[in-house]
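Undergrad: Sharing a model that was predicted from the sequence below.
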Amino acid sequence: MGGAQGPGTPAGAGGSTGQPDPDGWRELLRGGEDVAQVMSDMANILDEISGLEGRDEEVAVQMAAAAAIAGRVGALDQSFLVALEFMMGQADSNNDSKGRWLLEVVKEQLLAQLQQKMPPQVQVVSLLVATSDKNRRRDIITRALAGGGKLPGEASPGGMGSMEMGAQEVHVPGANLEEIIAQSDDLVASMEEELPIRDRRLLARLLLAREEARSLMAGGIQDPRNDVRRLKNVPETEVRFISTLVAIKAPDALKKRIFDVMDGREEGEYKKGSDGPIKVQGSKGSAPVRPGHLLDTITKVLGGMYRTGGSGVTVQQLEWIRKETLDALQRIGFSQ
């Protein structure tokens with residue numbers, strides 16, 4: 001749904017003339033029929049349960065939604081989500097908080113069941129980006145490496161697809177560490193390839209997940225298996241920025257500069273070239289500092305210094321810059 005559309009306008013349903021898009025309305029009507037059927041199935045299930053209040057009622061609604069979705073998840077398409085978003089907008093317009101909540105429960109159950117059909121490494125990455133606590137991210141990864149299992153849920157700002165982990169237990173599938181790293185790195189690379197970066201909050205969360213997984217390799221961050229993209233040359237833009245950071249002596253000024261750049265300001269700002277919005281390769285614009293490239297560059301430079309016995313002071317500076325970069329990403333990903 002575009003930012004220019006009101007809460008009651010389905011995606012594709014309105015153009016610059018304000019006239020409805022017939023295809024958009026057809027999609028909305030088709031999805032609306034599926035939503036109505038799911039709600040009907042939920043009502044039938046809940047009719048068999050009576051006398052529930054408070055938390056028990058919430059759990060019953062969630063279970064009813066899960067059961068109603070389970071029998072249809074394979075047949076539902078994008079139109080179902082379009083209709084849900086439209087109906088939630090209508091509920092907001094009518095100040096119908098109960099109706100909005102019911103629709104959100106249906107959406108969460110659908111996304112949760114779709115997630116379970118994804119490859120295990122994708123499920124693990126999705127759990128990681130929904131987890132604000134560093135120690136808990138580590139617990140999720142180690143549980144996945146141990147073959148999977150249950151973990152108590154954590155209240156979270158939400159992950160991919162705006163899914164939130166509630167207070168209930170969550171299932172962590174078994175997954176391979178290298179596949180978790182490769183999956184998160186692929187997503188980071190995809191987001192950073194196209195400029196400007198569309199969602200810095202999600203990018204920050206993906207980078208935290210990637211770096212947490214990398215740190216668990218046998219050789220730590222410097223384990224050669226972490227170099228998925230096999231960068232032959234360190235990026236010039238990021239090298240220049242690192243040189244700038246090393247020259248900043250005041251800790252508070254350094255922290256602010258790192259945060260601003262990671263958040264898309266200063267050297268992190270995208271300046272469009274003559275060829276318009278473009279991808280990084282072949283760009284005529286000024287390539288900004290990209291968070292993933294910066295972390296990879298720091299890691300690569302540090303690796304060279306470890307091998308050659310570089311200046312201890314410079315090594316400490318780079319290690320501190322890396323730590324502050326991760327702290328900035330934590331703030332961007334979960335505190336804003």
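TA: Sure thing, it's come through.
Undergrad: only C-alpha atoms for contact and neighbour calcs from this point on.
TA: OK.
Undergrad: Low-confidence bits of the stretch 151-300 of the chain, can you list those?
TA: Where the stretch 151-300 of the chain drops to pLDDT under 70, the residues are 153-168, 226-232, 272-286.
Undergrad: ok but Met118 is inside a strand, no?
TA: No. With DSSP: H, G, I helix; E, B strand; the rest coil as the criterion, Met118 is coil rather than part of a strand.
Undergrad: List phi and psi for it.
TA: Dihedral pair for Met118: phi -80, psi 160, per degrees, to the nearest 10.
Undergrad: what's it in contact with, if anything?
TA: Taking C-alpha atoms under 8 Å, 6 or more residues apart in numbering, we find Met118 in contact with no residue.
Undergrad: what's the distance between it and Phe86?
TA: Separation of Met118 from Phe86 (C-alpha to C-alpha, to the nearest Å): 26 Å.
Undergrad: Quick check: which helices or strands does whichever helix in the chain runs longest pack against?
TA: The residue-count maximum for a helix in the chain (DSSP state H) belongs to helix 22-47. Applying 3 or more C-alpha pairs under 8 Å, 6 or more residues apart in numbering; DSSP states H and E, one finds that helix 22-47 contacts helix 54-70, helix 78-93.
Undergrad: now do 10 Å
TA: In terms of contacts (3 or more C-alpha pairs under 10 Å, 6 or more residues apart in numbering; DSSP states H and E), helix 22-47 is packed against helix 54-70, helix 78-93, helix 97-116.
Undergrad: which parts of that helix are buried?
TA: 24-25, 27-32, 34-35, 38-39, 41-43, 45-46 (16 or more other C-alpha atoms under 10 Å).
Undergrad: Just the mean pLDDT for it, thanks.
TA: Regarding helix 22-47, the rounded mean pLDDT is 84.
Undergrad: what's the angle between it and helix 97-116?
TA: 100 degrees (axes from the mean of the first three to the mean of the last three C-alpha atoms, to 10 degrees).
Undergrad: how far is helix 22-47 from where the chain is centred?
TA: Distance, stretch centre to chain centre, for helix 22-47: 28 Å (C-alpha atoms, centre = their mean, to the nearest Å).
Undergrad: Return the residues in contact with the residue nearest to Asp41 when sequence neighbours are not counted.
TA: Residue nearest to Asp41 in three dimensions, not counting chain neighbours: Ala68, with 5.7 Å by C-alpha to C-alpha, 6 or more residues apart in numbering. Residues near Ala68 by C-alpha atoms under 10 Å, 6 or more residues apart in numbering: 37-45, 62, 106, 109-110.
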